[in-house]
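3D, please:
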Amino acid sequence: MTKLQPSKIIVQLHPKVAEFLSYLQLSEGLSPNTLSAYQRDLKLYQAWLSDIQQQTVEMVSAEGIEAFMLYLQEEGRKEKSNARLLSTLKRFYQWGASNEYFDADPTGLVKAPKLPQSIPKVITEAQVEALLYSPDEFTPLGIRDRAILELMYASGLRVSEVVELPFEQINLSAGLVQVTGKGSKERIVPIGEVAIEWIEKYIAEARPTLTKNKWVHTLFISRIGRPMTRQTLWHRVKNLAFDAGIHTKLSPHTLRHAFATHLINHGADLRTVQLLLGHSDLSTTQIYTHVAKERLHKLHQQHHPRG
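Next up, the predicted model:
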C-alpha cells in the first residue's frame, strides 16, 4: 500500500461520515479548526479502507481498526496523532451505534497507544514580568499588546478565546470576562486591577485609532482595523518575547500555562484553577501540579545547603 498523504487525499465523504460531522457542528458547536481535524482523520481512514479490498465504514471489524492503527504506526506517525485519530473513530462509531446505523462499535476493544506525560514548559514569574513590559506603551499597537498580555496572564484565556472575545463580553467595572470556550461552553473569569487598567487605556486611547471609528465586534483588533487572527497574536507574543530576552521555546499557550502554574505555586487549589481554565476534566488540570512540584524540587536543589 502506498503512503497516504492527508493533505492530498481526495475522497468522497461517506454519507454517515458527513452526517456525523454535521452533528458535531450543530449539536456540539465545535470550532471550525476542530471540525477540520475530524474531517481530515475520517478522510484518511476512508482512503485506507478504500485501498484494502474496497471496504467501507460499515464493514470494518475490531481487527480492521487495529490493522489501521498498525498501519499508522508503521508510517512513523506520532503516537499523539494516532491516539487522536483513534479517538475520532471511537466517537464516530459510538455515535453510529447509538443511532443504530451500525450493528456494533468495532472500536470498543481497541486500546489507544500509551502516551508519555507531556509537561508544559512554563516561563518564570520574572520572565512574565519582562514580557509584560516589552510592548511600546506609546503606540496604539503597543498599548493593545500590553492589554492583551495582561489579560492573558490575569485570566488564563486561550489564544482563540482572546482574539474571538466580543467587545460586550468584558465587564471592567465588575472585573469579569465572559468567555465562550471549547464546545461553546461559557465561563466567567475574574481579571485583576492591572489588566483592567490596561484594557481601559486600550479602549480609550488605542482602539479608536485602530478601528478608525468603525464598529468591530471583537475587543482586540489588528493594525488594519479587523478582528485579530490566532496567528497574528501568536507572532506578536513570539516577537515580544524575543525583545524581552526570552529565548525559551514558547507555545501559543505560554501565558495560559504560566497563569495556572503560578496560581498553584502561590497556593491555589486545583478545582479553582480547573474552573478558571475551563477544563471539563480535573485530570487535565493536574498536569500543572507536576510543573509546580518540578520547580520546587529544582529550587530546593539550588538553594538548600544539603540539596
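
How much space separates residue 64 from residue 172?
Noted for residue 64: a distance of 56 Å to residue 172, by CB to CB, to the nearest Å. All C-beta spots, glycine's among them, are computed from the backbone N, C-alpha and C.

cool, and residue 160?
22 Å.

neighbour-wise, which of those two wins?
Taking other CB atoms under 10 Å, residue 160 and residue 172 do not tie; residue 160 has more neighbours (17 against 14).

Which residue comes closest to the more buried one once chain neighbours are left out?
Of all residues not flanking residue 160 in the chain, residue 230 sits nearest, at 5.7 Å (CB to CB, 6 or more residues apart in numbering).

contacting residues for that neighbour?
By CB atoms under 8 Å, 6 or more residues apart in numbering, the contact list for residue 230 reads 159, 160, 163, 252.

Okay, helices next: where are they in the stretch 201-307 of the chain?
Counting by DSSP state H, counting those that start in this stretch, the stretch 201-307 of the chain has helices at residues 207-211, 230-243, 254-265, 270-277, 282-285, 287-303.

per-residue pLDDT, the closest residue to residue 25 other than its chain neighbours?
Spatial nearest neighbour of residue 25, chain neighbours left out: residue 35 (5.8 Å); criterion: CB to CB, 6+ apart. Per-residue pLDDT puts residue 35 at 88.

in which helix or strand would I find residue 35?
helix 32-51 (DSSP states H and E).

right, and the helix or strand after that helix?
Heading C-terminal from helix 32-51 (DSSP H and E), you reach helix 62-74.

Quick check: buried residues in that following helix?
By 16 or more other CB atoms under 10 Å, the buried positions in helix 62-74 come out as 64, 65, 66, 68, 69, 71, 72.

For it, give me every contacting residue.
With CB under 8 Å, 6+ apart, helix 62-74 has contacts from 1, 45, 48-49, 52, 55, 81-82, 85-86, 89, 106-110, 113.

Now tabulate the buried residues of helix 62-74 in a markdown table and tack on pLDDT and distance to residue 23.
Shown next, in a markdown table, are the buried residues of helix 62-74 (pLDDT from 0 to 100; distance: CB to CB, whole Å):
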| residue | pLDDT | distance to residue 23 |
| --- | --- | --- |
| 64 | 87 | 23 |
| 65 | 89 | 21 |
| 66 | 89 | 26 |
| 68 | 89 | 22 |
| 69 | 88 | 24 |
| 71 | 89 | 27 |
| 72 | 87 | 25 |
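
For residue 11, state which of those residues is nearest.
For the buried residues of helix 62-74, the residue nearest residue 11 by CB to CB is residue 68; the value is 14.7 Å.

Would you quantify the distance from that closest one to residue 112?
13 Å.

one step back: please spell out which residues along the helix holding residue 35 are buried.
37, 38, 39, 41, 42, 43, 44, 45, 46, 47, 48, 49.

For residue 155, the count of nearby residues, please.
24.

Over to the most centrally placed residue in the chain: give its phi and psi.
The residue lying closest to the centre of the chain (CA atoms, centre = their mean) is residue 158, at 6.4 Å. Per-residue torsions, residue 158: phi -70, psi 160 (degrees, to the nearest 10).

got it, and residue 31?
According to degrees, to the nearest 10, residue 31 has phi -70, psi 160.

wait, isn't it in contact with residue 160?
Yes: if you go by CB atoms under 8 Å, residue 31 and residue 160 touch, sitting 7.2 Å apart.

tell me the secondary structure for residue 179?
strand (DSSP: H, G, I helix; E, B strand; the rest coil).

can you pull the contacts of it?
Counting by CB under 8 Å, 6+ apart, residue 179 has contacts 155, 157, 161, 165, 169, 186, 187, 188, 189, 278.

Next step: these restricted to helices.
Judged by DSSP state H, the contacts of residue 179 include 155, 161 as members of helices.

Buried ones among the contacts of residue 179?
Buried, going by 16+ other CB under 10 Å: 155, 157, 161, 165, 169, 189, 278, out of the contacts of residue 179.

Same list, the contacts of residue 230, but as a markdown table with pLDDT and distance to residue 19 please.
Below are the contacts of residue 230 laid out as a markdown table (pLDDT from 0 to 100; distance: CB to CB, whole Å):
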| residue | pLDDT | distance to residue 19 |
| --- | --- | --- |
| 159 | 90 | 31 |
| 160 | 90 | 27 |
| 163 | 94 | 31 |
| 252 | 74 | 32 |
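
Pull the most distant pair out of those.
Among the contacts of residue 230, 163 and 252 lie farthest apart (CB to CB), at 10.7 Å.
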